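Asks: sequence and computational prediction follow.
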Amino acid sequence: MGSGCYCLTMAQPGFALLRAIAVHKVFSSHCHTSCRRHRNLHFGGFRLQFFPTVPKTIQPGNMKTQVQPTRSNTLNPTLRVGSGMRYDIRKPARDGIAQYTWQQISGAPALDVPTYKILIISKAFPWSFIIRAPAGSVVTCGTIFEELHKQLQSHIEAVEWATVDRTRKEAIKKAAKSRQEKDKDSQLKRIDWLGDMTMFEGLDKDKEFEKERYLPGSASVSETWVVRFGKR
C-alpha cells in the first residue's frame with residue numbers, strides 16, 4: 001500500500017473533528033482489499049479517511065542549508081572599555097600593574113571562546129599588531145598587555161616619520177625627550193607617538209574603523225579589536 005495520511009473523523013453530528021496523522025500506514029495482514037476500498041472506513045462512531053500523497057523529488061538547488069547562529073566572542077571584563085583598568089603602557093605590564101591584580105588577570109583568557117590570534121588596531125597610532133597565543137595556551141589578558149608594551153617599544157621607521165605632520169612631530173619629540181631621560185635611548189619609539197595618551201583604557205569593537213584600516217589583499221583576522229588610550 002502506498003504512503004499517505006489518515007484523517008480520523010468523529011462521524012456523529014455536533015462533534016468536533018479529531019485528526020490523527022499517520023505516515024506509511026500499513027493495514028493488518030487479513031485486509032486483502034485494494035486501498036481504493038479503504039479510502040473511507042467506519043469504526044464505531046469514527047470514520048477513517050485516507051488521503052494519498054505524491055512523493056516530492058528534492059532538487060539539490062532547492063535544498064536550504066540551515067546555518068547555526070555563531071556565538072559572539074565575549075571580551076574578558078578586565079579588558080573592556082570602562083572597566084576601570086588603567087595601565088601606563090610605557091611600563092612593562094608586571095611593573096605597571098599592581099602585583100595582586102597581575103596575579104589575578106595575567107593568566108585569564110582574553111576571550112571566553114579559546115582564541116589563538118588577535119589583531120590590535122588603534123586610532124592613536126597607525127600600526128596594527130598581531131598578538132599570538134603562547135605555545136600550548138590561548139591569548140590571555142597578560143599576553144595582550146605584555147605584547148602591547150613590547151610592540152610600542154619598537155623604533156619609529158624613517159618612512160613612518162616622513163608621513164607625520166609638523167604638529168605631530170613636535171608632540172612626538174617632546175614625549176621622546178621625557179622618555180630619553182630615563183631609558184637613555186636617543187631613537188624615537190612608537191610609544192612616543194602617543195604623547196601623554198599612554199594609559200590603557202580598554203579594547204572595543206568598531207566595525208567602521210576596522211574597514212578603514214583594512215589593507216586590501218591582506219588576510220583578515222576575525223578577532224580584531226581597537227585599543228583605546230587616555231591621558232596619564
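Replies: Received the coordinates, thanks.

Asks: now the helices for the chain?
Replies: With DSSP state H as the definition, the chain shows helices at residue ranges 93-96, 99-105, 141-152, 158-161, 166-183, 190-193, 207-213.

Asks: most tightly surrounded among the ones you listed?
Replies: Among the helices of the chain, judged by mean count of other C-beta atoms under 10 Å, the one packed with the most neighbours on average is helix 190-193 (a mean of 22). (C-beta placed from N, C-alpha, C; glycine too.)

Asks: contact partners for residue 140?
Replies: Applying C-beta atoms under 8 Å, 6 or more residues apart in numbering to residue 140 gives the contacts 106, 107, 108, 109, 110, 133.

Asks: what's the distance between it and residue 90?
Replies: For residue 140, the distance to residue 90 equals 21 Å [C-beta to C-beta, to the nearest Å].

Asks: what's the answer for residue 74, then?
Replies: Between residue 74 and residue 90 the distance, using C-beta to C-beta, works out to 29 Å.

Asks: between the two, which is the more surrounded one?
Replies: Taking residue 74 and residue 90 together and counting by other C-beta atoms under 10 Å, residue 90 has the greater number of neighbours (22 against 10).

Asks: residues touching that one, list them.
Replies: By C-beta under 8 Å, 6+ apart, residue 90 lies in contact with 96, 149, 152, 179, 191, 198.

Asks: pLDDT score for the third one?
Replies: Right, the one you point to is residue 152. Reading off the confidence values, residue 152 has pLDDT 98.

Asks: got it, and the last one?
Replies: The per-residue pLDDT reported for residue 198 equals 97.

Asks: go ahead and confirm it touches residue 191.
Replies: Yes: applying C-beta atoms under 8 Å, one finds residue 198 in contact with residue 191, separated by 6.8 Å.

Asks: between the two, what contacts are shared?
Replies: Taking C-beta under 8 Å, 6+ apart as the contact criterion, the common neighbours of residue 198 and residue 191 are 89, 90.
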